[in-house]
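Participant: let me see the structure of the following:
(chains A and B)
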Amino acid sequence: MPAPVIDVWSRPFWQAARERRFILPRCRDSGRCFFPPAPVSPFTGRPHVEWVEAAGEGSLWSFVVFHQTYFDDFPPPYAVVMVELDEGPMFLANLRGADPSELSIGQRMRIVFDEERNGIVLPQFEIVR
Amino acid sequence: MLPPMRTPGISTPWPLRDKVAFVGIGTSAFGSFPDNDTYGLGAEALNRALDDAGLSVRDIDGLIVNRIPSYERFAEMMGISPQFCLLTESPGRFSGVSLALAMQAVVTGAAEVVALVYGNNGRSVRVRYGGGDSQWSAWGMTSPGAIHAMMWRRHMHLYGTTHADLGWVAEAFRDHACRNPDAVMYGRPITREDHATARPICEPLRLLDYCLINDGAVAWIVTSAERARDLRRPPVLISAYARQDCFRYGSAPPTDFWQESLGAVRRLIYTRAGFGPEDIQGLGIYDNFTPTVMFSLEGMGFCAPGESGDFVKGGTLRLGQGRWPTNTSGGHLSNSYMQGWEIIAECVRQLRGECGARQIPNCQAMQYICATNIAQSIILRRG
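Facilitator: Numbering: from 1, shown residues only, chains lettered A, B, ... in the order given. Just a heads-up that it's a prediction; the model follows:
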């Protein structure tokens, strides 16, 4: 499995994911969430950042279906969905529990968590039915 | 009492307008050359550019290399002793950035004659675009093509554009490559039907929406417009360059198709040049993927946002058919993947009238457009 980017700033995100919680960094000055995690807020450049529990829901912005093998653990075809989270940032992940033919842009999506592999739990998306 | 402060008025021309000129252009052969590398290919291109300009390496006092690992080794190898020398980053947006740096060097006196050399042996060393660790690779989201596929799907949803619209771009550029004996895809015409039925790579994009991967090199030599008048070739002047960066997409595909940053470039570029699109005969558009061409046309105002599909229908970008012949050498899609360097070289050749079967009639000015997170445009004109 290609390794996620885990640095000192994103470590709390991945620790929370292992507990099947979806958290986001939020700028304390503007109240806006952002991703990827960083030492400072992209809205102010200041280190006034806190972690908040996110709803884990959003709307489908777009999606693609890969037909090329880039990683051994991702035999094609597989879908990647880009979701605009209700808190603001975009989050990209795979589609769970549905076929890509069921996707339509704008539909509601919800975070679900994969089984733990190599100490990592990946947040994924399912369609809100 | 202090005299009133003198401030530049709105009508003050851009100080770099027509100050720097292309005086030499050279390319290596394009293809697969496992017995060569970026140093050998770069040297081949630079020697051709020197011969084109009527200069020798002793005349070069500025050097910018791109995708060649070491500027120092390249200068050492060529016997160049510059007073200005650097290596620029490898993404294709740096072709335009490198040119701007060279212009700044010339006008500030940091160097008089700057050679810019790009070399790529990605085909022979089997460079893969995609794979590796990046922000979204844990989810299998990788490769520049996937970013453009994500954006085009959204564009289709918002505006009713289709994958078939992209076929007009692929077909036009392949037609141009078939008029260019140096193109990798010379002699291999395609139809829009071929584009529609090509194998999917990252849907909604298919094989013929993707650029080539081939080996090759391109060299440019630039100097002051004044010095250019004494050299062998008819000078091609850089009338305008404009750039706007946008780095706030949260490591995700750009959600506005670069319209904001390209719009900022559009508001500067024609004013800087002193003339507008009506005086421009052809375009060079950075075509890593077919949708980039559509985003460029919309962002630069050739059509309204969302209308690029209708705009390209009927061959608007095709030489001999439409108002805006674009990428007349075949572009990245069908000529050579030289990351903007060869597209800009083709603009220079058009303005010198050297393009033979693919010459734009009475070509006086050309515009280059690059839709990326460093959005840029360049306007060149006959000197």
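Participant: I figured B:D165 hits B:K313, correct?
Facilitator: Yes - at 7.1 Å, B:D165 counts as touching B:K313 under the criterion of Cβ atoms under 8 Å. From N, CA and C alone the C-beta is placed, and that goes for glycine too.
Participant: can you give me the helices in the stretch 1-150 of chain B?
Facilitator: Secondary structure of the stretch 1-150 of chain B (DSSP state H, counting those that start in this stretch): helices located at B:38-53, B:71-78, B:94-108, B:144-159.
Participant: what's the closest of those helices to chain A?
Facilitator: For chain A, the closest of the helices of the stretch 1-150 of chain B is helix B:144-159, at 4.0 Å, according to Cβ to the nearest Cβ.
Participant: could I get that closest one in CSV with only the CA atoms?
Facilitator: Extracted C-alpha coordinates of helix B:144-159, given in CSV (Å, rounded to 0.1, in the frame of the first residue of the first chain):
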residue,chain,number,x,y,z
PRO,B,144,-1.0,14.8,-13.4
GLY,B,145,-3.4,13.2,-15.8
ALA,B,146,-5.8,12.2,-12.9
ILE,B,147,-5.9,15.8,-11.7
HIS,B,148,-7.0,17.0,-15.2
ALA,B,149,-9.5,14.1,-15.4
MET,B,150,-11.0,15.2,-12.1
MET,B,151,-11.3,18.8,-13.4
TRP,B,152,-12.7,17.9,-16.8
ARG,B,153,-15.4,15.7,-15.2
ARG,B,154,-16.4,18.7,-13.1
HIS,B,155,-16.3,21.0,-16.1
MET,B,156,-18.6,18.6,-18.0
HIS,B,157,-21.0,18.6,-15.1
LEU,B,158,-21.1,22.4,-14.7
TYR,B,159,-21.2,23.4,-18.4
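Participant: related to what we said a few turns ago, could you dump the helices of the stretch 1-150 of chain B to TSV with distance to B:P361?
Facilitator: Output for the helices of the stretch 1-150 of chain B, formatted as TSV (distance: least, Cβ to Cβ, whole Å):
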stretch	distance to B:P361
helix B:38-53	23
helix B:71-78	38
helix B:94-108	26
helix B:144-159	33
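Participant: of all those helices, which one is nearest B:A375?
Facilitator: Taking Cβ to Cβ as the measure, these were each checked against B:A375, and helix B:94-108 came out nearest at 9.5 Å.
Participant: return the distance of that closest one from the chain's centre.
Facilitator: How far helix B:94-108 lies from its chain's middle: 14 Å, per Cα atoms, centre = their mean, to the nearest Å.
Participant: any residue of stretch B:257-265 touching chain A?
Facilitator: No - residues of stretch B:257-265 are not located near chain A by Cβ under 8 Å from any Cβ of the partner chain, the shortest gap being 11.5 Å.
Participant: neighbour count for B:D165 and B:K313, which is higher?
Facilitator: B:D165 (23 against 13; other Cβ atoms under 10 Å in any protein chain shown).
Participant: could you check how far B:G216 is from B:N120?
Facilitator: Relative to B:N120, B:G216 is positioned 6 Å away (criterion: Cβ to Cβ, to the nearest Å).
Participant: the more surrounded of these two?
Facilitator: The neighbour count for B:G216 versus B:N120, taken as other Cβ under 10 Å, is higher for B:G216 (32 against 28).
Participant: given the helix or strand containing that one, what are its sheet partners and their directions?
Facilitator: Element membership of B:G216 [criterion: DSSP states H and E] is strand B:216-224. Within its sheet, and counting by DSSP bridges, strand B:216-224 is paired with strand B:20-27 (antiparallel), strand B:113-120 (antiparallel).
Participant: tell me the most buried of the ones you listed?
Facilitator: Highest mean neighbour count of these: strand B:113-120, a mean of 29 (counted as mean count of other Cβ atoms under 10 Å in any protein chain shown).
Participant: chain center to that strand: distance?
Facilitator: Averaging C-alpha coordinates over strand B:113-120 and over its chain gives two centres that are 14 Å apart (Cα atoms, centre = their mean).
Participant: for it, C-alpha coordinates in PDB please.
Facilitator: Once side chains and other backbone atoms are set aside, the C-alpha atoms of strand B:113-120 remain, and they are given as PDB (Å, rounded to 0.1, in the frame of the first residue of the first chain):
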ATOM      1  CA  VAL B 113      23.600  36.600 -24.100                       C
ATOM      2  CA  VAL B 114      21.700  33.900 -22.200                       C
ATOM      3  CA  ALA B 115      21.500  30.300 -23.400                       C
ATOM      4  CA  LEU B 116      18.600  28.300 -22.000                       C
ATOM      5  CA  VAL B 117      18.800  24.600 -22.400                       C
ATOM      6  CA  TYR B 118      16.200  21.900 -21.600                       C
ATOM      7  CA  GLY B 119      16.900  18.200 -21.900                       C
ATOM      8  CA  ASN B 120      14.600  15.300 -21.200                       C
END
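Participant: beta-bridge partners for A:F113, please?
Facilitator: Note on A:F113: beta-bridge partners by DSSP bridges are A:P123.
Participant: the most centrally placed residue in chain B and B:A371: what is the separation?
Facilitator: Closest to where the C-alpha atoms of chain B average out (Cα atoms, centre = their mean) is B:G340, at 2.7 Å. Distance, B:G340 to B:A371, using Cβ to Cβ: 11 Å.
Participant: hey, what's in contact with both of the two?
Facilitator: Shared contacts of B:G340 and B:A371, defined by Cβ atoms under 8 Å, 6 or more residues apart in numbering or on different chains, comprise B:Y286.
Participant: the residue in the stretch 251-383 of chain B positioned nearest to chain A: how many residues sit nearby?
Facilitator: For the stretch 251-383 of chain B, the nearest residue to chain A under the criterion Cβ to the nearest Cβ is B:A252, separated by 4.0 Å. Taking other Cβ under 10 Å as the neighbour definition, B:A252 ends up with a count of 22.
Participant: from A:F113, how far off is the residue nearest to it when sequence neighbours are not counted?
Facilitator: What sits nearest to B:A252 in space, not counting adjacent residues and going by Cβ to Cβ, 6 or more residues apart in numbering or on different chains, is A:M90, at 4.0 Å. Applying Cβ to Cβ, one obtains 19 Å for the distance of A:M90 from A:F113.
Participant: and the end-to-end length of stretch A:118-129?
Facilitator: With Cα to Cα, to the nearest Å as the measure, the first residue of stretch A:118-129 is 31 Å from its last.
Participant: likewise stretch A:112-129?
Facilitator: Terminal residues of stretch A:112-129 are spaced 14 Å apart (Cα to Cα).
Participant: mutual contacts of B:G216 and B:N120, please.
Facilitator: By the contact definition Cβ under 8 Å, 6+ apart, B:G216 and B:N120 are jointly contacted by B:L41, B:Y337, B:M338.
Participant: tally of neighbours for the closest residue in space to B:L207 that isn't next to it in sequence?
Facilitator: In space, and not counting its chain neighbours, B:L207 is closest to B:A198: 4.0 Å by Cβ to Cβ, 6+ apart. Neighbourhood size, B:A198 [other Cβ under 10 Å]: 17.
Participant: please tell me I have it right and B:A198 contacts B:L205.
Facilitator: No - at 9.4 Å, B:A198 and B:L205 do not qualify as touching, with contact defined as Cβ under 8 Å.
Participant: how about the strands in the chain?
Facilitator: Unless you meant another one, I'm taking chain A. In chain A, strands defined by DSSP state E lie at A:23-27, A:49-53, A:57-66, A:78-85, A:90-94, A:108-113, A:123-127, listed in chain order.
Participant: my question was about chain B
Facilitator: Under the criterion DSSP E, chain B carries strands at the ranges B:20-27, B:62-66, B:84-88, B:113-120, B:200-203, B:205-206, B:216-224, B:236-245, B:282-285, B:365-370, B:374-382.
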